[in-house]
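In: Sequence plus the predicted model coming up.
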Amino acid sequence: MSKGLRQSAFTLIEVVIAATILALSVAFTMTIVATARSQVLRAERRWGRAHLLAQAAEYHLLAGARAKHPPGGLLPEGYRSSCDLLEVLDLPEEALEPVNGWRLGEFLIRVDDPNGQPIGELRVRKLVREEDLE
């Protein structure tokens, strides 16, 4: 009878090996979860910056480069956007001439965080009235 009990019992080395395998599995799982969480947070920050730039670009493209402050609620509290309208000069000579009072302009749109640090900028080319470029 004691022989049958002895065969079904685990030895100390088997228990240590099983515990080691379990601990390694938990450690690897935690590493994978931490890496995935970090990647999600980075992606969320990138999306947030891109979203703020898109909001500012939409406002400045619709309101014009001279529009100073976006309406409340467009950007989070403390964030600022600015826009400069630049002449596009890297075109063939015949394309630099205005057509019916319209020329190609480049909007340089920037968004700054509450500390004044830039979070990004975006350049968009669009047809504008010739007098807007002056």
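Out: Looks like it arrived, so ask away.
In: CA only for contacts and neighbour counts going forward, please
Out: Noted.
In: Could you tell me the per-residue confidence at residue 8?
Out: We have a pLDDT of 66 for residue 8.
In: same deal with the one 3 residues further on?
Out: Reading off the per-residue confidence, residue 11 sits at a pLDDT of 89.
In: Okay, helices next: where are they in this protein?
Out: For the chain, helices defined by DSSP state H occupy the ranges 2-8, 12-63.
In: Take those and lay them out in CSV including mean neighbour count and distance to residue 122.
Out: Putting the helices of the chain into CSV (neighbours: other Cα atoms under 10 Å; distance: least, Cα to Cα, whole Å) gives the following:
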stretch, mean neighbour count, distance to residue 122
helix 2-8, 8, 70
helix 12-63, 13, 7
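In: which one of those has the lowest average pLDDT?
Out: Mean pLDDT is lowest for helix 2-8 out of those, coming in at a mean of 55.
In: Contacts only, for the residue nearest the centre of the chain.
Out: Against the mean C-alpha coordinate of the chain, by Cα atoms, centre = their mean, the closest residue is residue 46 at 1.7 Å. By Cα atoms under 8 Å, 6 or more residues apart in numbering, no residues touch residue 46.
In: picking up where we left off before, could I get the helices of the chain as a markdown table with distance to residue 77?
Out: Listed next are the helices of the chain as a markdown table, based on distance: least, Cα to Cα, whole Å:
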| stretch | distance to residue 77 |
| --- | --- |
| helix 2-8 | 68 |
| helix 12-63 | 12 |
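In: who wins for proximity to residue 129 among the ones you listed?
Out: For residue 129, the closest of these is helix 12-63, at 12.9 Å, according to Cα to Cα.
In: So what's the gap between that closest one and the chain middle?
Out: Offset of helix 12-63 from its chain centre (Cα atoms, centre = their mean, to the nearest Å): 15 Å.
In: what do you get for stretch 60-74?
Out: Relative to the mean C-alpha coordinate of its chain, stretch 60-74 is positioned 21 Å out (Cα atoms, centre = their mean).
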